[in-house]
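K.L.:
Sequence first, predicted coordinates after that:
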Amino acid sequence: MKFRSPLQFKSIHTSFAIAFSCLILCTTVILSFTSYQLSADAVTENSRDYTTELINQVNINIETYIENMESISTLALSNDNLKRYLSNPNTAEKDQLSKQVSSFFQSIVESRNDIASIMFVDSSGEAVSDRSDAQVKSYPELSGQEWYKQAIEAQGRVVISSSHVQHIYQKEYRWVVSISRQLDLDKNTTSSSGVLLVDLNYNVINDLAKQIRLGQRGYVFIVDPLGNLIYHPQQQIIYTALKSEEIPMILSSPDGSIVAGKGSDSKIYTIRTNRYGWKVVGTTYADELIVNKKEIQFNSALWGIICLIIALAISILLSYTLTKPIKRLDAHMKKAEKGDFDNRVEIESSNEIGKLSRTFNLMIGKIKDLMNQIVEEQEMKRISELKALQAQIQPHFLYNTLDSIIWMAETGKMDEVVEMTSALSKLLRSSISKGEELIPIAVELEHIHNYLTIQNIRYRNKFTYSIDVDPSIHECKILKIILQPLVENAIYHGIKHMAGVSHIQITGRRYEGYIEIQVSDDGIGMNDEQLRYLISRINMTEGVKGVGIHNVNHRIKLYFGRSYGLTFESELEEGTTVTVRIPELEGEG
Amino acid sequence: MKKKKVIQIVIVAVIVLTASVGVFIKVSQELASNERPILFVPKLMVDKLEFWQVMNQGVMTAAKEYKVEVKMLGTETESDIDGQIAILEKAIEDKPKAIILAASDYNRLVPVADKIIDAGIKLITVDSGLNGGISSSFIATDNYAAGLKAGQSLIKVIPSEATIAIVNYVKVSATAMDRERGVRDSLSSYTNIKVLDTVYSESSAQKGYEVVTELLKSEPSITGIIGLNEPSAVGAARVIKDKGLAGRIKLIGFDSSMDEIAFLEEGVLQATVVQKPFNMGYLAVQTAVQVTSGEKVNSSIDTGSEVITKDNMYTNENQKLLFPFVE
């Protein structure tokens, strides 16, 4: 199962960096997108508000101009001289009054630079204007003009014209917006009627509308309720149909914003209607808004990228800093892997990595101790084995045995010579031939049997012996040459100095997980003091030489552990029992 | 360790690449918006001539509409042909995006126009073209069509049997020739109408007055006159007014002026054919923008003309043409 998920990386550093990066990327993208959306909305909203505000201002200004004209017309019509002029049939007086009215008109026009002219045309065909010396056109011509006709039709209501060229005077053609009004007839008098005309300089409206900037290409235009353009910066182009405005759509729509056209040519009309029915229309190009949007888009993307760069750099730095102690620990572990147990990780922090480092330090410390211990133990085992070999065939024992054989041969005890030589030969073979440390109990018993045979002949049957070992443990493993030193001890220290025949008994039993083999004699035994001395001697780990049983105990503990080894029981004059406890190790097969 | 480093390098590279692409786009956008201007060279720079003022309005309106910078350079008088050539020679060095030229001479400006085109600058001619039609587009009144309109307007107001005089202004102008051809073609199908040989006013009202007076002496049966430009028409109108012939002799003029408007109102002048200088200026810039952005444009664009009579002179459309609102 060696499949690796593609998201698993070889180093934590990379995983961290990538995890951070993903996180940052998502956040930045979401943030940039949201901020773009918000600012785009804000820009659209702002520009719409701005346009609406501007259009409103233009509208209010224009309304003010027209209102002024209206009030001027009211003022002019309520002039007493004008009324007298109308009701007076006397020609001479009429001329006088006409001059007064004219100078009154003149004073109004001179006080205001938005007013181009004021003229009153009475129904008898006489015209009074603000200019005393002007060549006014003839009555038929004047009465044929729109402002006059419409004022008569409106019967006293105020009529506002579209922007047009005024041609009431000879050779004078001014662009104006006209307001005309028929004089309210007093039913009770016989005075004649007439129409008052007030002209507003078109400059006023032109300047007002022209100065308005709506984006780079946007503009303002004004239409009257009939759809005539009062002001348009590209009026001549409109007339030649190279360009068009959605006049019917504008006329039919209420105040607010409407979108006309499609794609990059689409325009946004912001409409405001004044109380004279004029619609002031702010035209903005949708693509200018889009240009703004593109700019915002670009800016959010740019800042997004900058943030991303910074954040990614920080994330790499951060992941590096975070993983640095881990990598250092890793380097130390690699050293330990190669066998250097002396290096220690410096602990810089108390966090998890600090704890990990401390545990690692403790661990390699312990490993080092254990290694040293193993080395030591191996050394000791080697020494013990050597000692065991030495114990196996002591030259002294060999001389004595050979002496015994010679002596027996001289005395003609041939059977015993044969028996003893055969036992010695077996003893030698068994100890030399096999190099293994662990042997079956049966082999060890065979060995001890040979040994006892020799000793028994040598000590002229000073003792008897019996071996009673549970046959089921014959195949269990035991350390080589464990029993021989114990039997030797029993003979030399327990039986040798006894009068009469003693008995050595070897028994073997299996218990729960371990085996006990006892070597008992009924020799002189030991008192408590001797016993304690012996126990203390054999439990000393080193520095005891030449004591066979100490070596035996030591070897057992080295091989099988501290819970195994020798125990002693002894009673003065009663005998001694040595118990060997070893683990139950079943032989193969 | 190696793999990690590769990933780091890749990430950094991607970031740097994205950032630099972004910066590049931004810079190139700014460069693109900071383009070279369009140069407009009218026949003369004097502000008093309404025709050029209105054309300039059209130019500026289009400049705003198409977001281009338009620079204007010109001579003091229409006859300063060498001055106009010098201006163009100098302009080539500044490498404008395009040049809109109202050529003051049909032939003499051709060599410098060739240089402009060789320098990779787009050339648009307006109002007055160049021999050979070498500009990308020629934006002007279709003078032949204007001539036809003038002739047709006269037909409407004269009796079916008539003698007609044509007052031209100069012999070698393409504009003048086109107008005359249009007038003559419009009258040629009427067999009862006699068209006299053309007389020339040399673009002077005074001279026009003289030649028309002479003509009326030798041909008293004249019932219709067509003046092919403003001074020619005004000269003829003055003769008619002075001799009290208004109404008997019908007059058709070209262009507009205060004098002509007054004669129109008085009934001396029956109609005048006006051009549309605002549209010329506007369309010249529009065409220049189209040409520089690689679009195909028509090699000649007619800006049209209108016949103005006393009856229609105050309509919304016509009063703008006749009385251009000039600040």
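P.N.:
Right, received. Where do you want to start?

K.L.:
what sits up against stretch B:231-247?
P.N.:
B:167-169, B:201, B:203-213, B:216, B:225, B:227, B:249, B:251-255, B:257, B:259-260, B:263, B:266-269, B:272 (CB atoms under 8 Å, 6 or more residues apart in numbering or on different chains). C-beta here means a position set from N, CA and C on the backbone, and glycine is covered the same way.

K.L.:
ok, now which ones touch the spatially most central residue of chain B?
P.N.:
Centroid-nearest residue in chain B: residue B:127, 2.7 Å away (criterion: CA atoms, centre = their mean). Counting by CB under 8 Å, 6+ apart, residue B:127 touches B:43, B:55, B:102, B:139-141, B:277, B:280.

K.L.:
let's see it at 7 Å
P.N.:
The contact partners of residue B:127, taken as CB atoms under 7 Å, 6 or more residues apart in numbering or on different chains, are B:102, B:140, B:280.

K.L.:
Please tell me the pLDDT value assigned to residue 264.
P.N.:
Since no chain was named, I'll use chain A. On pLDDT, residue A:264 comes in at 65.

K.L.:
ah, I was thinking of chain B
P.N.:
92.

K.L.:
What of residue B:215?
P.N.:
Looking at residue B:215, the pLDDT reads 93.

K.L.:
Surely it and residue B:166 touch.
P.N.:
No. Contact criterion CB atoms under 7 Å: residue B:215 and residue B:166 do not qualify, at 10.1 Å.

K.L.:
Which one's more surrounded, those two?
P.N.:
residue B:166 (25 against 19; other CB atoms under 10 Å in any protein chain shown).

K.L.:
wait, isn't that one in contact with residue B:180?
P.N.:
Yes. If you go by CB under 7 Å, residue B:166 and residue B:180 touch, sitting 6.2 Å apart.

K.L.:
Find the residues that touch each one of those two.
P.N.:
B:198, B:228.

K.L.:
Contacts for the host helix or strand of residue A:420 next, please.
P.N.:
Secondary structure from DSSP states H and E places residue A:420 in helix A:414-433. With contact meaning CB under 7 Å, 6+ apart, helix A:414-433 is reached by A:392-393, A:401, A:404-405, A:408-409, A:443, A:446-447, A:450-451, A:453-454, A:457.

K.L.:
Show me which residues of that helix are buried.
P.N.:
A:416-417, A:419-421, A:423-424, A:426-427, A:430-431 (16 or more other CB atoms under 10 Å in any protein chain shown).

K.L.:
one step back: could you find the two of the contacts of helix A:414-433 that are most distant from each other?
P.N.:
Greatest spacing in the contacts of helix A:414-433, by CB to CB: A:409 and A:443 (29.6 Å).

K.L.:
May I ask you to name the longest helix in chain A?
P.N.:
Counting residues, the longest helix found in chain A (DSSP state H) is helix A:12-77.

K.L.:
Show me what that helix is packed against.
P.N.:
strand A:174-182, strand A:194-201, helix A:202-210, strand A:267-273, strand A:279-285, helix A:286-337, helix B:2-33 (3 or more CB pairs under 7 Å, 6 or more residues apart in numbering or on different chains; DSSP states H and E).

K.L.:
how far away is residue A:55 from chain B?
P.N.:
19 Å (CB to the nearest CB, to the nearest Å).

K.L.:
isn't that residue right next to residue A:273, touching?
P.N.:
No. Using CB under 7 Å, residue A:55 is not in contact with residue A:273; the gap is 10.4 Å.

K.L.:
Looking at those two, which has the bigger crowd around it?
P.N.:
residue A:55 (23 against 18).

K.L.:
ok, and the closest non-adjacent residue to that one?
P.N.:
Spatial nearest neighbour of residue A:55, excluding adjacent residues (CB to CB, 6 or more residues apart in numbering or on different chains): residue A:282 at 4.3 Å.

K.L.:
list the contacts for the one you found?
P.N.:
With CB under 7 Å, 6+ apart, residue A:282 has these contacts: A:51, A:54-55, A:214, A:218, A:220, A:270.

K.L.:
out of the residues you listed, who's nearest chain B?
P.N.:
Distance to chain B, by CB to the nearest CB, is smallest for residue A:218 among these, at 9.6 Å.

K.L.:
so how many other residues sit close to that closest one?
P.N.:
The number of residues packed near residue A:218 is 21, by other CB under 10 Å.

K.L.:
Tell me the pLDDT of the residue lying closest to it once chain neighbours are set aside.
P.N.:
Setting aside the residues directly before and after it, residue A:218 is nearest to residue A:284 in space (CB to CB, 6+ apart), at 4.1 Å. For residue A:284, the pLDDT comes out at 86.

K.L.:
which SSE is the closest residue to chain B within the stretch 351-500 of chain A in?
P.N.:
Nearest to chain B in the stretch 351-500 of chain A, going by CB to the nearest CB, is residue A:353, at a distance of 19.0 Å. Element membership for residue A:353 (DSSP H and E) is helix A:352-392.

K.L.:
quick check: angle from that helix to helix A:286-337?
P.N.:
Per axes from the mean of the first three to the mean of the last three CA atoms, to 10 degrees, the angle that helix A:352-392 makes with helix A:286-337 is 20 degrees.
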